[in-house]
Every structure is written in structure tokens, then in C-alpha cells.
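# one predicted model, sequence on top.
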Amino acid sequence: MTTHSSPAIEHHPDLAEMRSRFERATITPRAQATEALALLTGVYLAASPWIVGFHNLTTLTVCNLITGIAYCLLMGGLGSAYERTHAMAWAACAIGAFTIVSPWVVSGNVDTMRSVISNVIAGVIALCLGLAMAATSGDRGAGRARLRGGAM
């Protein structure tokens, strides 16, 4: 019986290059600005019922509080460990899309002018920031060309 003493996957050159690429992508001013704006958007979303004045709409207040906290946690976690969590940016996009439609889908009559305008604007911003973070993954074309055996 033969045993293979293969090196650990953590030391594979492609994995090291990918981690380096993700690290370079997250230290750019664009990525840092995106993360900072996303955190501010999440904080606003969580506090918006009290800021805008629809905190008496309990279902939407709780919904915004939960989605705002979740958005902050997702986008905050991306900056610290982007090489392992970049796919979660799509979950942040889903939170942004849900925020847009939430005044019409949560229970109760919560689609007031204040709640709709606040949620649509915050949701569009959250969706755009999530898409920007999902697109921030460094030079993806280089990896594809190398897999095909082509040169850059």
C-alpha cells in the first residue's frame, strides 16, 4: 500500500496567489471606501425607523433593524477576511433587494411615504455597494488565462 505525502493545500502556489490577489483587492481605496459606505448604510438601515419617524410601524421597524445589523455584519466581515468570504457579497445584494421591496412584503400596512422612500433609497445603495464589493476580486482574467494555458 502506498501512501502519498502530498503537501498541504494551504501551500499550493495557486492558492497562495489567489489569497494575495484578494488581499491586494481589499486594500485598495475603492474597496475600503465601499466597505465604509456599506457599514454606514447598514447602520442607517437599522436606525432608519427612528431617524425617519416610522418606528410605530413595528413589523417594518424590526425588519429594518435585523436587515441593517445583518448587512453591517456581512459587509464588515468582508474587509477582514475577503479571501474566504467574498461570495457573501451576494447575500448583501439580496439584503439590499429585500430592503427595496420590504415596505410591500412585510405584514401590516407599512407602506407609508416615509418608509417607502427611506427603504428604496437605502436598498438601492445597499444593493449597489454589495455589487461593487462582489466585483472587487482583483484580476480575475489572469487566473482564467493561466487555466487555459494562455499568456496575459
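Nice, I can see it. No experiment lies behind these values; they were computed from the predicted model shown. Numbers count the residues shown, from 1 in each chain.
# hey, let's count contacts and neighbours off CA atoms from now on
Noted.
# check what pLDDT Gln32 gets.
We have a pLDDT of 80 for Gln32.
# same check on the one 5 residues further on?
According to the prediction, Leu37 has pLDDT 92.
# got a list of what it touches?
Contacts for Leu37 (Cα atoms under 8 Å, 6 or more residues apart in numbering) come out as Leu129.
# ok, Thr99 touching Ile121?
No: between Thr99 and Ile121 there is no contact under Cα atoms under 8 Å: 9.1 Å.
# looking at the two, which is more packed in?
Thr99 (28 against 15; other Cα atoms under 10 Å).
# and the more buried one, what element?
Thr99 is part of helix 89-105 when elements are defined by DSSP states H and E.
# for that helix, which outside residues touch it?
60, 63-64, 67, 71, 74-75, 78, 110-111, 115-116, 119-131, 133-134.
# okay, now the unreliable bits of the chain?
Within the chain, the stretches with pLDDT under 70 are 1-27, 78-86, 137-152.
# 80 instead, please
1-28, 30-31, 76-87, 136-152 (pLDDT under 80).
# related to what we said a few turns ago, ok, then the element right after the helix holding Thr99?
helix 113-135.
# count of neighbours near the residue nearest to Val43 when sequence neighbours are not counted?
Computed as Cα to Cα, 6 or more residues apart in numbering, the closest residue to Val43 that is not its neighbour in sequence is Gly68, at 6.0 Å. By other Cα under 10 Å, the residues close to Gly68 number 27.
# contacting residues around Gly68?
Applying Cα under 8 Å, 6+ apart, the residues near Gly68 are Thr41, Gly42, Val43, Tyr44, Leu45, Ala46, Ala47.
# and it, what element?
helix 58-80.
# and the angle for that helix with helix 113-135?
20 degrees (axes from the mean of the first three to the mean of the last three Cα atoms, to 10 degrees).
# tell me which residues of helix 58-80 are tucked away?
Within helix 58-80, the residues scored as buried using 16 or more other Cα atoms under 10 Å are 59-61, 63-65, 67-72, 74-79.
# with stretch 33-50 instead?
Those would be 34-49, for stretch 33-50 by 16+ other Cα under 10 Å.
# go through those and flag which are in strands.
Applying DSSP state E to the buried residues of stretch 33-50, no entry is found in strands.
# kindly indicate which of those lies nearest Ala87.
Closest to Ala87 out of these is Glu35 (14.8 Å), distances taken as Cα to Cα.
# so how far is Gly42 from that closest one?
10 Å (Cα to Cα, to the nearest Å).
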